[in-house]
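Chemist: just a sequence and a predicted model for now, questions to come.
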Amino acid sequence: MGTGNAFLGRSILVVDDDPAIREFLAGALSERYKVASAASAEEAVELIGKSEFDLVITDLVLPGASGLTVLACAKSRDEFVEVLMISGNATVDSAAAAVNSGVGAYLIKPFALPELRNCVEKMMAMRAFHLKSLMLMKDSDLVDPAAKGHVDDLASLYHFTRKLMLTLEISEVMRITLEEANCKADAKFCTIEVCMPDYKEIYSMPQAGEIDKAAQSAVFAENWEDAFVGIDKERFQSGAVPHYAYKGRSGEFNAAVAYKCINFPLVVTGKTIGSLTVWIAANADIDERQRRYLHILTSFTSPVIEHVYLDLQVRFQAKTDNLTGIANHRYFYETLEREIARANRKKSSFALLLADIDDFKAINDTYGHQMGDAVIIDLAKRVSANIRTGDVVARYGGEEFGVILPESDETGALAMSKRICESLSKAPYAGAKHKIPYTASFGLAYYDGHNPVKKDELILSADQALYKSKVEGKNRVTVAERC
């Protein structure tokens, strides 16, 4: 990677298939920067191979390959090049993919000119800072030996935090942190435990190769009190606490005869949310500089870990029904739209099942609304117990439920629907004070990717079949006529 034009030319590549957008961006930026342009990902890749750019501004959607291809090419040529992604139809998934691939910023069309200029200025400042840091590292042999280690640690922390702040995914935050801890501590392996109110889990990674999880769990058991600060040992051993294991860098895992562990709590505003633990051979140790670095590392990592888990919780709650804990109305529609798009693309089929509790008003009138809610929760549990992994059950309305059955044929979907219907009728809801018998009526519709219909037509078809079940005596499954 060169650094020559970073401080002199300050060069930008603009990639967009719309000539008006390219002209607008070039006009807005050419007074302060050297601006080149490309109309496609292929043209951009060719220019990146020939020239050096400090910033690449690319549309996400391009003819042929996408802006993510431009991003990957730019990063492979120069790890520290800044990339600004712009899009007119960004989704959370596309934004996450871009950020996790190293994009520095994301703008949604239409954007104001001051917003663009401010973003570009920040990214150019960051670019200059990166390159100056690299120069400092390159010239660190000229630094007083007493300060050289400190300079190296500062540079390492800088690069670590940059990688950490460019991800939205929990798995990537954990991988990056474990990789850095392994490297700095020269550990056999490292672990991170998360012990937040709604999340208890453990992540582990060896410095090299791969560890057998059973053998690692045995090492955990021998050192549990020293290694983990907030997870119950018996719950972990029973399988109630997830354990995610990453592979280390290339090479073989070099196991120790015996281990000892050094624990660094993850603390945010005085609250412990977990810990980072370094596992080394029992006859080894880490020095004061390594300890200091890992304390600083955890101070950077702790708020990021808390943030990604809180963000996960918010996203989960936005898609979850508060009463039953299953998917809500909004997530039902999102999933249905995705399944229709997939079926159309693959020319495949899926099934939609709608359910409605029979005589629910009578249950409420007889036992009260609290017991009515208990019956709704009971139905959600029974339906969830009878569907496959990958099927989606959602609370569609008050006492109405929807089940989306991807890749289902007519025979399998009907058999599952009847099984759910029978599971409700054969045993009453058993509460502390009442046993409440209840049933539900069902309407089953099929979607065929060879004959696409709109989402509302599919729902109407299932709803009409449900209504027919009600009219013909309730507690039954009716299959809809083909849309």
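Modeler: Ah, there it is.
Chemist: next helix or strand past the strand or helix carrying L379?
Modeler: Assigned by DSSP states H and E, L379 belongs to helix 369-385. Counting by DSSP H and E, the element after helix 369-385 in chain order, helix or strand, is strand 392-395.
Chemist: each with direction, which strands does the helix or strand following that following strand pair with?
Modeler: With elements assigned by DSSP H and E, the helix or strand that comes after strand 392-395 is strand 400-406. Strand pairing for strand 400-406, determined by DSSP bridges: strand 349-357 (antiparallel), strand 392-395 (antiparallel).
Chemist: distance from the chain centre to strand 400-406, please.
Modeler: In terms of C-alpha atoms, centre = their mean, to the nearest Å, the centre of strand 400-406 is set 24 Å apart from its chain centre.
Chemist: and it, average pLDDT?
Modeler: Throughout strand 400-406, pLDDT has a mean value of 95.
Chemist: contacts for the following helix or strand past it, please.
Modeler: The helix or strand immediately downstream of strand 400-406 is helix 410-425, counting by DSSP H and E. Helix 410-425 has contacts (C-beta atoms under 8 Å, 6 or more residues apart in numbering) with 351, 353, 355, 379, 382-383, 385-388, 403, 405, 408, 438-440, 442, 444, 446, 475-477, 479. Where you see a C-beta, it was placed from the backbone N, CA and C, and this is true even at glycine.
Chemist: which SSE is Y158 in?
Modeler: Following DSSP H and E, one finds Y158 within helix 145-165.
Chemist: buried residues in the very next helix or strand once past that helix?
Modeler: Where DSSP H and E defines the elements, the next helix or strand beyond helix 145-165 is helix 170-185. Buried residues in helix 170-185, counted by 16 or more other C-beta atoms under 10 Å: 170, 172-182, 184-185.
Chemist: picking that back up, show me just the buried residues among the contacts of helix 410-425.
Modeler: Neighbour-count burial (16+ other C-beta under 10 Å) is assigned, among the contacts of helix 410-425, to 351, 353, 355, 379, 383, 386-387, 403, 405, 408, 438-440, 442, 444, 446, 475-477, 479.
Chemist: select, out of the strands paired with strand 400-406, the one closest to K433.
Modeler: Smallest distance to K433 across the strands paired with strand 400-406 (C-beta to C-beta): 19.8 Å, for strand 349-357.
Chemist: got the angle for the closest one vs helix 369-385?
Modeler: 160 degrees (axes from the mean of the first three to the mean of the last three C-alpha atoms, to 10 degrees).
Chemist: other SSEs contacting the helix holding L379?
Modeler: strand 349-357, helix 360-367, strand 392-395, strand 400-406, helix 410-425, strand 429-430, strand 435-436 (3 or more C-beta pairs under 8 Å, 6 or more residues apart in numbering; DSSP states H and E).
Chemist: out of the ones you listed, flag the one nearest I108.
Modeler: strand 392-395 (28.6 Å).
Chemist: tell me which residues are up against that closest one.
Modeler: With C-beta under 8 Å, 6+ apart, strand 392-395 has contacts from 321, 323-324, 326-329, 331-332, 335, 376, 380, 383-384, 387, 401-404.
Chemist: show me how far that strand is from its chain's centre.
Modeler: Averaging C-alpha positions (C-alpha atoms, centre = their mean) puts strand 392-395 21 Å from its chain's average.
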